[in-house]
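J.: Structure for this input, please:
(one chain, ligands or ions: 2)
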Amino acid sequence: MINIALAKGRLAEEGYKVFKALGYSVPAMEKKSRKLIFESPEKGLRFILVKPADVPIYVEKGAADLGIVGKDTLLEKDRNLYELLDLGFGKCKFSVAGLKGEDKNFYPGPLRVATKYPKVAKNYFLKRGIAIDIIELQGSVELAPIIGLSDVIVDIVETGNTLVENGLEVFEDITPLSARLIANKVSFKTKNGVMETLIEDIQRYLHRQDVEEKEEDLKKQHFAKEARSHAVD
Ligand SMILES: Nc1ncnc2c1ncn2[C@@H]1O[C@H](COP(=O)(O)OP(=O)(O)OP(=O)(O)O)[C@@H](O)[C@H]1O
Ligand SMILES: O=P(O)(O)OC[C@H]1O[C@H](OP(=O)(O)OP(=O)(O)O)[C@H](O)[C@@H]1O
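T.: Numbers count the residues shown, from 1 in each chain. Ligands and ions are numbered 1, 2, ... in the order given. Alright, predicted model coming up:
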């Protein structure tokens, strides 16, 4: 049996879609419920739904053989495991942001930084040689600069809507992020045959997705060109 830890929330949904597309569906998972564990003995899989921040520890300790989690969580938790694949969904970035128009020179500091990701923030500002005070929050970090709790935030930005709607803007981008497939180091060796098949299946699926996306882009470009040429006629 292969145990797979999925980060409850947006990544679990996308992650499950990958397994479903590969024929490893577990119909019970598609129903709305409060269940946290789903087995498919005939397919040799068991999915467990855990808090995003807990996925790395489940995998490091071997409670899960595989996991799907954001690169943001991997950078923050820094656990001893294998990062196998970039799954291409859950795309966003880590940024430093603050009140619009207040992108001040960060010196002399210390800069007050509100974040759910203290390790990432410390590493980033350490490399920049900027002294900081971390204000660790569990969410809604965009509030901190608005009410004067911090000078800036370090957080995930996807569309940028949360920043805009709260009168903030990106000052600096730190790094791009996306969902990753991770593995327990021992399971990777001992359950090698089954794991390898699963990983190869996922790789083939990602490749197909990539090709389909490129074809779709080409089609869009073609139609846009046609529309432009008709407009000129
Ligand atoms: N706006 C976003 N766009 C794309 N991916 C995101 C976005 N926000 C978060 N993610 C990714 O999804 C993961 C899970 O985020 P989600 O919002 O579901 O849970 P969370 O708020 O981090 O955790 P919790 O449920 O414990 O509060 C993040 O770790 C990140 O990789
Ligand atoms: O750029 P956007 O598309 O607006 O997305 C960014 C928002 O998404 C995440 O919040 P989440 O929904 O996880 O809520 P949280 O504040 O509880 O972390 C992140 O912390 C930002 O607040």
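J.: Can you find which strand in this structure contains the most residues?
T.: strand 168-177 (DSSP state E).
J.: how about that one: buried residues?
T.: Under the neighbour-count criterion of 16 or more other C-beta atoms under 10 Å, strand 168-177 has 168-171, 174, 177 buried. The C-beta positions use only the backbone N, C-alpha and C, and glycine is treated the same way.
J.: So which of those reach ligand 2?
T.: Applying C-beta under 6 Å from any ligand atom to the buried residues of strand 168-177, one finds that nothing falls near ligand 2.
J.: N184: which of those is nearest?
T.: The closest of the buried residues of strand 168-177 to N184 turns out to be L177 (C-beta to C-beta; 22.1 Å).
J.: Near ligand 2, which residues of the chain? Just list them.
T.: Checking the chain against ligand 2 by C-beta under 6 Å from any ligand atom, the hits are 139-140, 142, 155-162.
J.: Now do the helices in this protein.
T.: 10-21, 55-60, 71-77, 118-128, 143-146, 161-165, 185-190, 192-232 (DSSP state H).
J.: Buried deepest among the ones you listed, which one?
T.: Mean neighbour count, computed with mean count of other C-beta atoms under 10 Å, is highest for helix 55-60 among the helices of the chain, reaching a mean of 24.
J.: right, is that one up against ligand 1?
T.: No. Helix 55-60 stays clear of ligand 1 (C-beta under 6 Å from any ligand atom), getting no nearer than 8.9 Å.
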